[in-house]
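[1] Turn this into a model:
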Amino acid sequence: MRECPVMKISPSAATLEPGAPPDRSVPSHDRVEPSDAELRIDPAQVARTLAVLVALLVLASLVGQALRLEGGYEYAGGFVPKFHLDAENNVPTFFSALLLVAAAALLGVVAAIKRKASRPYAGHWGILAFLFLFLAFDEASAIHEALIMPLRTIFKSGGIFHYAWVIAAIPLVILFVVAFAKFFFHLPKRSRLHLGLAVGIYIGGALGLELLGGAYAARFGLDNWGYVLLTTIEEALEMTGVVILIYGLLDFLKNQVGNIRCLWPSTP
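    Coordinates of the predicted model:
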């Protein structure tokens, strides 16, 4: 069995200069000794940890919506808006953006490795990295929300296109699938499974549930359990898709390049 990717951190010169006596003014329990620290990254453990955090955010959002819908507490000391999955600029939004940034960073690492080794499809990995960085920015700033009213006015949309940004998103998704088809089938079978599952779940939440949620909102409004559950499932699917992607990328790096070591050597 191959080892997990490893990040190896060496103490820097700022911590302890070569040949210098230890700083006795620092308590012994806080003193950094000149020995290597090693952090092993287990893809499965990372995925499990992230999945637990996703589940906790979903639970917190549902509790908040129960307080709002059943108890009439719109704010509840800030708990309701801070943990509402369908709101912006709150804890779930920040967490989702961080997930997307992490995925973008891992995609960038793969792109750099592939480019350095002159392997095919290095550019595709790089494009994916920039795409997920944009998705992180959009998650944090809700750019797509600004398209709803203009597109709704232009297309006079309603029903499943109540949230009219999906009108622009659907052809872009189709273009993405066509452009990356050869890249996808070039991947190892295990990575195809992870990437396909991740993208399928993410798009199913971001686009599929948005279509259903739009149709429901247009007919029944927003302040009811039906809409809350639809949007909760939508956001949960999006986060779950990114968690699976992060796991798949860590697993891909583990099996393609083996150990990963990041060193901060001391200066002479």
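[2] Show me which residues of the longest helix seen in the chain are buried.
    Among the segments of the chain that qualify as a helix by DSSP state H, the longest is helix 225-257. For helix 225-257, the neighbour count (16 or more other Cβ atoms under 10 Å) marks 227-228, 230-254 as buried. For every residue, glycine as well, the C-beta is placed using N, CA and C.
[3] likewise stretch 188-199?
    In terms of neighbour count (16+ other Cβ under 10 Å), stretch 188-199 has its buried residues at 191, 194, 195, 197, 198, 199.
[4] where does the stretch 51-200 of the chain have low pLDDT?
    Within the stretch 51-200 of the chain, no range satisfies pLDDT under 70.
[5] go with 90
    142 (pLDDT under 90).
[6] the strands in it, which residues?
    Using DSSP state E, counting those that start in this stretch, no strands are found in the stretch 51-200 of the chain.
[7] I'd guessed residue 65 sits against residue 84; true?
    Yes: taking contacts as Cβ atoms under 8 Å, residue 65 lies within contact range of residue 84: 7.0 Å.
[8] Can you show me the helices along the stretch 151-268 of the chain?
    Under the criterion DSSP state H, counting those that start in this stretch, the stretch 151-268 of the chain contains helices at 165-179, 181-186, 189-203, 210-220, 225-257.
[9] Residue 40: which of those helices is closest?
    helix 225-257 (10.8 Å; Cβ to Cβ).
[10] Kindly calculate the angle that that closest one makes with helix 189-203.
    160 degrees (axes from the mean of the first three to the mean of the last three Cα atoms, to 10 degrees).
[11] Which elements pack onto helix 225-257?
    When contacts are defined as 3 or more Cβ pairs under 8 Å, 6 or more residues apart in numbering; DSSP states H and E, helix 225-257 packs onto helix 43-69, helix 91-116, helix 189-203, helix 210-220.
[12] list the buried ones in the second one?
    Within helix 91-116, the residues scored as buried using 16+ other Cβ under 10 Å are 91-93, 95-97, 99-111, 113-114.
[13] can you check the longest one too?
    In terms of neighbour count (16+ other Cβ under 10 Å), helix 43-69 has its buried residues at 43, 46-47, 50, 54, 57-58, 60-62, 64-65, 67-68.
[14] If I take it and helix 225-257, what angle do their directions form?
    Relative orientation of helix 43-69 versus helix 225-257 (the same axes, to 10 degrees): 170 degrees.
[15] again, but for the third one
    When the same axes, to 10 degrees is applied, the directions of helix 189-203 and helix 225-257 differ by 160 degrees.
[16] ok, and what's touching helix 189-203?
    For helix 189-203, contacts defined as Cβ atoms under 8 Å, 6 or more residues apart in numbering pick out 173, 184-185, 187, 237-238, 240-242, 244-245, 247-249, 251-252, 255.
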